[in-house]
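# I'll drop the sequence and a predicted model, then ask my questions.
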Amino acid sequence: MELFILLIPWVLAVGWMFWTKHLMIAALLCIGALLHIPLAKKGPAPFLWLVMSALLQLCWIAAAFFTDTPFLMLGMIAQLIALLVMMQTVREEKQRRMAMAANFEQQKALLYELRRQRHDLQKHAAALLHHDGESGAISAYKADVHSRYIELDQIIRGESNVIAGILYSYLEQAKEQEVVLDYHIQHPLSGLPLSEFECVSFLGNMLENAIEAAAEFGKNKEKPGKVCLICRRQSGIWIIHCQNDTLPLPEHIIERMFTNKATSTKAGHHEGIGTQEINRIVNKYRGVLDFSVIQNQFTLKIKIPDIRENKRNASKSSMD
């Protein structure tokens, strides 16, 4: 329906240009009409936008017709470019809202887990306080309680609510898919010089891809797949390593990975948008991305300069 509304003025314009023998303008208008096909596939614009755009296009046609100035028809192309820019802005804002909404749910899950553990802590403390003697069962119980609280402490220590929420969410997702996910975070990921939206997208795509690959590996090998996320900052450079078990990858997927032509390893038709987004963010912040696939081990290595730290050092030098 949206595509039909958008194409009505273009069909009229192209038909008139062919009728009046203005073939060059007709060819340009045909190109403009064809641009609406990928535009419609990327996602519908607000309906009011489509109606107003179609009306304005008709105004261009009327102006060209009543003034007998066919070149005014080229204004339709200028308006199309403006529509493309506006729709790109709307899509980006929609993606931000979806990411933030998803992260809000992750933070709610983390808050619930914190409340649950606080509620249970008194019971665990009472059980340990009143136990009689020392035995293997008591030692195992202590180790279990310790591991549960240490695991969550490693996630929330020094992290913002947004990052803590996403780390906890993927830890739970890994457990559901019987994947062992280990975090070795020496410096909080919240310190990365990325916006919150970009950080959610960056970590989310990285961990989602790694967990899914490790889960497929585990099902095939009948043993738990493993994922390890390592983060540290050294000499003003953020170093992020993400390693995961994986099944053998076809050469054509490896060659295009983290490029604009990336192909997803998931079943069905996917375009590898996640790896493209990771690469886009790394390039935006002048980082370096490298990866290797050795047997059943996939390793993603990313280095991002701490731009904020560089700015602070530059300002200090100028003051001195």
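Cool, the structure landed.
# Strands of the stretch 101-250 of the chain, start to end?
Using DSSP state E, counting those that start in this stretch, the strands of the stretch 101-250 of the chain run over residues 179-185, 225-234, 237-245.
# S195: which of those is closest?
Ranking these by proximity to S195 (CB to CB) places strand 237-245 first, at 14.7 Å. Every C-beta, even on glycine, is put in place using the N, C-alpha and C of the backbone.
# pLDDT of the closest one, averaged?
The average pLDDT within strand 237-245 is 94.
# Counting neighbours, which bits of the helix or strand following that strand end up buried?
For strand 237-245, the following helix or strand on the C-terminal side (DSSP states H and E) is helix 251-256. When neighbours are counted by 16 or more other CB atoms under 10 Å, the buried residues of helix 251-256 are found to be I254.
# tell me the angle the very next helix or strand once past helix 251-256 makes with strand 237-245.
Downstream of helix 251-256, the next assigned helix or strand under DSSP H and E is helix 273-284. Relative orientation of helix 273-284 and strand 237-245, computed by axes from the mean of the first three to the mean of the last three CA atoms, to 10 degrees: 160 degrees.
# pLDDT below threshold where in the stretch 51-200 of the chain?
Confidence mapping of the stretch 51-200 of the chain against pLDDT under 70 gives the ranges 92, 95, 99-104, 106-154.
# which residue ranges form the helices in it?
Along the stretch 51-200 of the chain, the stretches classed as helices by DSSP state H, counting those that start in this stretch are 75-129, 136-156, 161-176, 196-221.
# What residues sit buried inside the last one?
The reference is to helix 196-221. Across helix 196-221, burial judged by 16+ other CB under 10 Å covers 196-207, 209-218.
# picking up where we left off before, I61: which of the strands of the stretch 101-250 of the chain is closest?
Closest approach to I61 among these is made by strand 237-245 (53.8 Å; CB to CB).
# Can you get me a residue count around the closest residue to Q79 other than its chain neighbours?
Computed as CB to CB, 6 or more residues apart in numbering, the closest residue to Q79 that is not its neighbour in sequence is L56, at 6.0 Å. The number of residues packed near L56 is 15, by other CB atoms under 10 Å.
# roughly how far apart are L56 and P9?
Remark: distance between L56 and P9 (CB to CB, to the nearest Å) = 9 Å.
# got it, and L48?
Distance from L48 to P9, by CB to CB: 16 Å.
# just R97 next, same as before
31 Å.
# Settle it for me: which of those two has more neighbours?
Ranked by neighbour count (other CB under 10 Å), R97 and P9 place P9 first, with 23 against 11.
# May I see the buried residues of the helix or strand harbouring that one?
Using DSSP H and E, the element containing P9 is helix 2-19. By neighbour count on 16+ other CB under 10 Å, the buried set for helix 2-19 is E2, L6, L7, P9, W10, A13, V14, W16, M17.
# R233: which of those is nearest?
Nearest to R233 out of the buried residues of helix 2-19 is E2 (CB to CB; 47.1 Å).
# confidence score at the closest one?
Per-residue pLDDT puts E2 at 63.
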